[in-house]
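1. when you get a sec, could you give me coordinates for this:
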Amino acid sequence: MLIRKSRSPLRVLVMSTYVPRECGIATYAEDVVHAVEPHGAVCNVLAMERAGESYTYGDRIIRTVLEDQVDSYLQAAETVNHGRFNVLSLQHEFGIYGGMDADHLLHFLEAVRIPVVVTFHTVVRDPSPAMRRNQQLIAQRANAIVVMNGLAVDILREIYDADPGKVHVIHHGAPVPHRERGDEIKRELGLDGRRVITTFGLINPTKGIEYMVQAMPEIVRQYPDAVYLILGQTHPVLRQKEGERYRDCLTSTAREVGVEEHVRFVNRYLTKEEVVSYLLATDTYVTPYINLEQVTSGTLAYAMGMGCPIVATPYLHARYLLQDGRGLVVPARDPQALAAAALHLFDDPALMARMERRNWEYGQALLWPLVGAEYLRVFRQAAGRKR
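-> This is a model prediction of the structure:
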């Protein structure tokens, strides 16, 4: 009898910020690691750090890289080249790799001799000259490029001259729900009998949360049981610069428009399990973002994966993900439009049920086990190519 040998595990090195750093990219990188390993990979991590900061990591981290020190990148490249890794997974975001234009990263990529798969978390349609040049060079160096939004493929080709044959669209992952949506979860969270509207993530002014707060009086007038949950702490970089000024403005706005009792803050960095529970208890998920160039929103992917009915402004990821009746898209900076959309859903339970069912079904493709399989396919393909 012929016995086929299974493939040997692929050795993947991930370069990114990493948990326990409280950062969306760090959480994403951890999720990628946990998602690809069951499909046949062994992962290690190069963890990005700012000078003066340090974290206690697990055994996956082979070394840290100081974001603003070129020598640290070159030393990391030596580690990569002597580590017998098959492929490097670079989680790219501006502001991490040597300033907003990621200058230091170019020195690193020039020195690295293994195949590279770059995940672009941001693709800007109107970049500065330096940002365009550097992202163009990174795209040229990459053996493969991953984006989480099909609209980004055209931007990469038209603005950054990227080879579309290199680009793979892989959804931003979402956790596997630990249970079904229902009123029991609301009771456990102290939300029994409430119509729950939710926004979550690291809080900062680009989220446009103040416009949803301003929308609440009209919603509460018709549905006094409505409550708006704002889940998550202030972004650490913003908090370092100006403290809790933005959150204080949100609190003041809620008080001024008379909905202080209908706006609740959960001011901490939630675990994935907590986020999932809150989303399963959510009647309408809202992303009132004012940065319409945002090509990726992990919170939107999470909400889709949990089957939430969704209201969003027309930023790029929402335009891509909310097609075919999977959400309501409204103008940015428009409290009246946000209120009208939420009321439209509350007034039409059949519409809400259809959207919930449609999003739940579509969201199965966003769950991390499937996303991990897609990533590993791209990693294996890239590992078989020469630089």
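
2. which element follows the lengthiest strand in the chain toward the C-terminus?
-> Across the chain, the longest stretch assigned as strand under DSSP state E is strand 41-49. Per DSSP states H and E, strand 41-49 leads on to strand 61-66 as the next helix or strand towards the C-terminus.

3. before we move on, the earlier item: off-centre distance for the longest strand of the chain?
-> Relative to its chain's centre, strand 41-49 lies at 18 Å (Cα atoms, centre = their mean, to the nearest Å).

4. okay, now the sheet partners of that strand, with direction.
-> strand 10-16 (parallel), strand 61-66 (parallel) (DSSP bridges).

5. what's in contact with the shortest one?
-> I take that to be strand 61-66. Strand 61-66 is touched from outside by 13, 15, 18, 44-51, 54, 72-73, 75-76, 79, 83, with contacts defined as Cβ atoms under 8 Å, 6 or more residues apart in numbering. C-beta: built from backbone N, CA, C; applies to glycine.

6. out of these, which end up buried?
-> With neighbours counted by 16 or more other Cβ atoms under 10 Å, these contain buried members at 13, 15, 18, 44-49, 72-73, 75-76, 79.

7. so what's the residue lying closest to Ala139 once chain neighbours are set aside up against?
-> Setting aside the residues directly before and after it, Ala139 is nearest to Ala162 in space (Cβ to Cβ, 6 or more residues apart in numbering), at 4.2 Å. By Cβ under 8 Å, 6+ apart, the contact list for Ala162 reads 136, 139-140, 145, 156.

8. and the residues you listed, which is closest to Val32?
-> Set against Val32, the nearest of the contacts of Ala162 by Cβ to Cβ is Ile145 (14.9 Å).

9. quick one: list the elements packing against the helix or strand hosting that closest one.
-> With the criterion set as DSSP H and E, the secondary-structure element containing Ile145 is strand 144-147. Packing partners of strand 144-147 (3 or more Cβ pairs under 8 Å, 6 or more residues apart in numbering; DSSP states H and E): strand 116-120, helix 151-160, strand 167-169, helix 368-383.

10. report the buried residues of stretch 114-125.
-> So for stretch 114-125, counting by 16+ other Cβ under 10 Å, buried means 114-124.

11. confidence-wise, which helix or strand of this structure is lowest on average?
-> Among the helices and strands of the chain, helix 236-242 carries the lowest confidence by mean pLDDT, DSSP states H and E, at a mean of 90.

12. who touches the following helix or strand past that one?
-> Using DSSP H and E, the helix or strand that follows helix 236-242 in sequence is helix 245-256. Contact with helix 245-256 is made by 203-205, 209-210, 213-214, 216, 230, 234, 238, 260, 262-263, 265, 267, as judged by Cβ under 8 Å, 6+ apart.

13. dump helix 245-256 to PDB, restricted to CA.
-> Extracted C-alpha coordinates of helix 245-256, given in PDB (Å, rounded to 0.1, in the frame of the first residue of the first chain):
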ATOM      1  CA  ARG A 245      -9.500  64.600  25.300                       C
ATOM      2  CA  TYR A 246     -11.400  62.900  22.500                       C
ATOM      3  CA  ARG A 247     -13.300  60.600  24.900                       C
ATOM      4  CA  ASP A 248     -14.100  63.500  27.100                       C
ATOM      5  CA  CYS A 249     -15.500  65.300  24.100                       C
ATOM      6  CA  LEU A 250     -17.700  62.300  23.400                       C
ATOM      7  CA  THR A 251     -19.000  62.200  27.000                       C
ATOM      8  CA  SER A 252     -19.700  66.000  26.800                       C
ATOM      9  CA  THR A 253     -21.500  65.600  23.600                       C
ATOM     10  CA  ALA A 254     -23.700  62.800  25.000                       C
ATOM     11  CA  ARG A 255     -24.600  65.000  28.000                       C
ATOM     12  CA  GLU A 256     -25.300  68.100  25.800                       C
END
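
14. list the buried residues of it.
-> Buried residues in helix 245-256, defined by neighbour count with 16+ other Cβ under 10 Å: 246-247, 250-251, 253-254.

15. again, but for stretch 318-335
-> 318-322, 326-330, 332, 334-335.

16. just those: which are in strands?
-> 328-329.

17. reformat the buried residues of stretch 318-335 as a markdown table; add pLDDT.
-> Shown next, in a markdown table, are those (pLDDT from 0 to 100):
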| residue | pLDDT |
| --- | --- |
| Ala318 | 98 |
| Arg319 | 97 |
| Tyr320 | 97 |
| Leu321 | 97 |
| Leu322 | 98 |
| Arg326 | 97 |
| Gly327 | 98 |
| Leu328 | 98 |
| Val329 | 98 |
| Val330 | 98 |
| Ala332 | 98 |
| Asp334 | 98 |
| Pro335 | 98 |
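
18. follow-up on the earlier one: which among the buried residues of stretch 114-125 gets closest to Cys308?
-> Nearest member of the buried residues of stretch 114-125 to Cys308, counting by Cβ to Cβ, is His121, at 22.2 Å.

19. mind checking how far that closest one is from Ile25?
-> Taking Cβ to Cβ, to the nearest Å as the measure, His121 falls 6 Å from Ile25.

20. who touches both of those two?
-> Joint contacts of His121 and Ile25 (Cβ under 8 Å, 6+ apart) are 91, 93.

21. show me the residue at the heart of the chain, geometrically.
-> Nearest residue to the geometric centre of the chain (Cα atoms, centre = their mean): Gly298, 2.6 Å.

22. for Gly52, report the pLDDT, please.
-> Predicted confidence (pLDDT) for Gly52: 88.

23. ok, His178 next?
-> Value for His178, per-residue pLDDT: 86.

24. so what's the residue count around Arg133?
-> 15 (other Cβ atoms under 10 Å).
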